[in-house]
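Peer 1: A structural model of the following input is requested.
(one chain, ligands or ions: 2)
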Amino acid sequence: MKNFRKSVVYQIYPKSFNDANGDGIGDLKGVTKRLDYLKLLGVDYIWLTPFYISPQRDNGYDVADYCNIDPVFGTMEDFEEMVSEARKLGIDIMLDMVFNHTSTEHPWFKKAIRNEEKYKKYYIFKEDIDRESPTNWSSKFGGPAWEYVEELKAYYLHLFDVTQADLNWENEEVRKEIFKIVEFWINKGVKGFRLDVVNLISKPEKYENDNEGDGRRFYTDGPHVHEYLKELNRDTFGKYDDIITVGEMSSTTIDHCVKYSKPEEKELSMVFNFHHLKVDYKEGDKWTLMDFDFKMLKEIITSWQLGIQEGEGWSAVFWCNHDQPRIVSRFGNDTKYIKESAKMLATTVHMLRGTPYIYQGEELGMTNPYFEHIGLYKDIESINYYNILKEQGKAEEEIIKILQSKSRDNSRTPMQWSEDNNGGFTEGIPWIPLSKNYKYINAKQQLGDKDSIFYHYKKLIQLRKELNIISEGIFKPMMEDHESVFAYERELNNEKLIVINNFYEKEAVFELPKSLKLSEYNSKILISNYEDSSEISNIIKLRSYESVVYYLEK
Ligand code: GLC
Ligand code: CA
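Peer 2: Ligands and ions are numbered 1, 2, ... in the order given. Predicted structure coming up:
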């Protein structure tokens, strides 16, 4: 059985990964064709974002049938083939389960609005003759969180798009339906589940207006969420000893995340939190332009590392996913120092305490595409906010700049396989344009260059397998006040890792703490992003984006 602490998960956004039939949309057969690439990289699991039947308003996070494959992505046979081919290579499949809401095209919802009592109770309907919205909460994609259904004289809750109706987890029948779905996929050989916004499933008893925020404080980490997760664990994946789970936790806290992920609690294997990815939001507002706040980034990562460690929980550690802009464009340098900064960022995350997640193309240093007009954007959130910012009177040019930096489409452009037409992603017309830089940032080029970003990731994954300290060591912060360096220590028995990362182009000097007596250790460089990084000494000079990991042993 795989140890998830020693594992690395690779996230695939099927729509943009590889298109096998030339319709411009990536598919499951396309994934199967690229398994060798993932094997070479060395990952243990692939997490696929939703490919179930869906109207695709939110690219599959609006599920209309949880147990069937959307024809756009292929067939159940394609899925089974992918699972078994991956298994032969030692790679397991993790599915993305969207249980906070369903699409309004789901048969349950359709029956609900046909006034079938049983199914009305599957969702959160609030009757209102006077057409007054039950609360003033906002949807996370902009606009109100309630939608009126004339026929029922009632509102339903949707924390996301109006076509994503929130399920009523208080209803035991709903929970039982969900457990059946999980069991269905377990029987298909799935070994992992990523649970979409799962800390939002338990809604408050009383629905009240939020005069301080958008309503999230009432339903985030809600009153029964831990009970529901324990039940889900007990009745589904917890019955097996080889299934891993990760919960996507929106606006959560360390205390809750400890509970979600501490083994004795029997809830989930690990958690995603996003606080470290809000350090470029001006006053908490994503749709603004701001350089990232480096000190805040370090503080947040450090406090989460320490808090989760102290509580004996476990984190997923990551920079990228299908909802986040590309990390080299965000906290790195996507022009002159792309290679150095991409490797530095990779090392920073992979040496933390937690299970690393790599998002497709991150291992190549893929960048934001810098789309120049609104017509190129496909993401519903981006389009909604484009309209909201327009209404606020912002200039077109400024809005496009904001989207170029914040849109979720930044990470959704097709995977750059080669310098061929459409980057080797499709023979047809891609559903969303590629980044123009695929001619020189692509897998084929990097596989032929031992010094590439790809091989740096490969090495990081390999090191995790070789050295227990990477998965098991204690995390300790170092020189927390340094202006441009993020450094930390890991420790296990008589071994230490010293991880030092310069986040800027400007050279930096880093002084080891006096308490660390180098003479007591044998030391070597474990991994770095310059060929000639200097051996460890009390004062270390770092070049642009230089990153070094020292391994010390008594
Ligand atoms: C999660 C997904 C995101 C989706 C949302 C609603 O945050 O990662 O892509 O839009 O949930 O399901
Ligand atoms: Ca296709």
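
Peer 1: list the buried residues of stretch 83-98.
Peer 2: Within stretch 83-98, the residues that count as buried by 16 or more other CB atoms under 10 Å are 83, 86, 91-98. Every residue, glycine included, has its C-beta placed from N, CA and C.

Peer 1: could you do stretch 487-505 as well?
Peer 2: Buried residues in stretch 487-505 (16+ other CB under 10 Å): 487-491, 495-504.

Peer 1: of those, list those near ligand 2.
Peer 2: Applying CB under 5 Å from the ion, the subset of the buried residues of stretch 487-505 adjacent to ligand 2 is empty.

Peer 1: for stretch 415-422, output the C-alpha coordinates as PDB.
Peer 2: Output of stretch 415-422 as PDB, limited to C-alpha atoms (Å, rounded to 0.1, in the frame of the first residue of the first chain):
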ATOM      1  CA  MET A 415      -0.800  21.500 -22.000                       C
ATOM      2  CA  GLN A 416       2.300  22.300 -24.000                       C
ATOM      3  CA  TRP A 417       3.600  19.000 -25.300                       C
ATOM      4  CA  SER A 418       5.800  20.100 -28.200                       C
ATOM      5  CA  GLU A 419       6.500  22.900 -30.600                       C
ATOM      6  CA  ASP A 420       4.100  21.300 -33.100                       C
ATOM      7  CA  ASN A 421       0.800  22.900 -34.100                       C
ATOM      8  CA  ASN A 422      -1.300  23.600 -31.000                       C
END
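
Peer 1: identify the residues contacting the helix or strand containing residue 176?
Peer 2: Using DSSP states H and E, residue 176 falls within helix 172-186. Outside helix 172-186, the residues that touch it by CB atoms under 8 Å, 6 or more residues apart in numbering are 66-67, 95, 97, 99, 108, 118, 121-122, 167-169, 193, 228, 231-232, 235-237, 240, 243.

Peer 1: now it: mean pLDDT?
Peer 2: Mean pLDDT, helix 172-186: 98.

Peer 1: okay, now the domains of the protein?
Peer 2: Using automatic domain parsing, the domains assigned to the chain come out as 9-101+172-460, 107-166, 473-553.

Peer 1: pull up the distance across the first one, start to finish.
Peer 2: According to CA to CA, to the nearest Å, domain 9-101+172-460 extends 13 Å from its N-terminal end residue to its C-terminal end residue.

Peer 1: pretty sure residue 214 sits against residue 142.
Peer 2: No. Counting by CB atoms under 8 Å, residue 214 does not reach residue 142; the two are 10.2 Å apart.

Peer 1: give me the spatial nearest neighbour of the residue of the stretch 451-554 of the chain found nearest ligand 2, chain neighbours excluded.
Peer 2: The nearest approach of the stretch 451-554 of the chain to ligand 2 comes at residue 454, 24.7 Å away (CB to the ion). Nearest residue to residue 454, sequence neighbours excluded (CB to CB, 6 or more residues apart in numbering): residue 446, at 4.0 Å.

Peer 1: got the contact list for the closest residue to residue 199 other than its chain neighbours?
Peer 2: Leaving aside its chain neighbours, residue 199 sits nearest to residue 249 (4.5 Å; criterion: CB to CB, 6+ apart). For residue 249, the contact set (CB under 8 Å, 6+ apart) comprises 197-199, 221, 256-257, 260, 271-274.

Peer 1: and the residue of the stretch 201-350 of the chain found nearest ligand 1, what does it touch?
Peer 2: Here the residue of the stretch 201-350 of the chain nearest ligand 1 is residue 323; by CB to the nearest ligand atom that distance is 4.8 Å. Residue 323 sits next to 408, 411 when contact means CB under 8 Å, 6+ apart.

Peer 1: tell me the secondary structure at it.
Peer 2: Secondary structure for residue 323, judged by DSSP: H, G, I helix; E, B strand; the rest coil, is coil.

Peer 1: confidence score at it?
Peer 2: 98.

Peer 1: now it: how far from residue 384?
Peer 2: Using CB to CB, to the nearest Å, residue 323 is found at 14 Å from residue 384.

Peer 1: for the longest helix seen in the chain, packing partners?
Peer 2: Longest helix in the chain by number of residues (criterion: DSSP state H): helix 294-310. Counting contacts by 3 or more CB pairs under 8 Å, 6 or more residues apart in numbering; DSSP states H and E, helix 294-310 packs against helix 254-261, strand 474-478, strand 485-492.

Peer 1: between it and strand 474-478, how big is the angle?
Peer 2: Here helix 294-310 points in a direction 150 degrees away from that of strand 474-478 (axes from the mean of the first three to the mean of the last three CA atoms, to 10 degrees).

Peer 1: average pLDDT for the next helix or strand after helix 294-310, rounded please.
Peer 2: Scanning forward in sequence from helix 294-310 by DSSP H and E, the next helix or strand is strand 316-317. When pLDDT is averaged along strand 316-317, the result is 98.

Peer 1: any residue of strand 316-317 up close to ligand 1?
Peer 2: No. Contact of strand 316-317 with ligand 1 (CB under 6 Å from any ligand atom) is absent, the minimum separation being 12.7 Å.

Peer 1: before we move on, back to that, now secondary structure and distance to residue 9 too, for the buried residues of stretch 83-98, in CSV please.
Peer 2: Listed next are the buried residues of stretch 83-98 as CSV, based on DSSP: H, G, I helix; E, B strand; the rest coil; distance: CB to CB, whole Å:
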residue, secondary structure, distance to residue 9
83, helix, 16
86, helix, 13
91, coil, 10
92, strand, 10
93, strand, 11
94, strand, 6
95, strand, 12
96, strand, 12
97, strand, 15
98, coil, 18
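
Peer 1: biggest separation within these, which pair?
Peer 2: The most widely separated members of these are 91 and 98, with 22.9 Å between them, by CB to CB.
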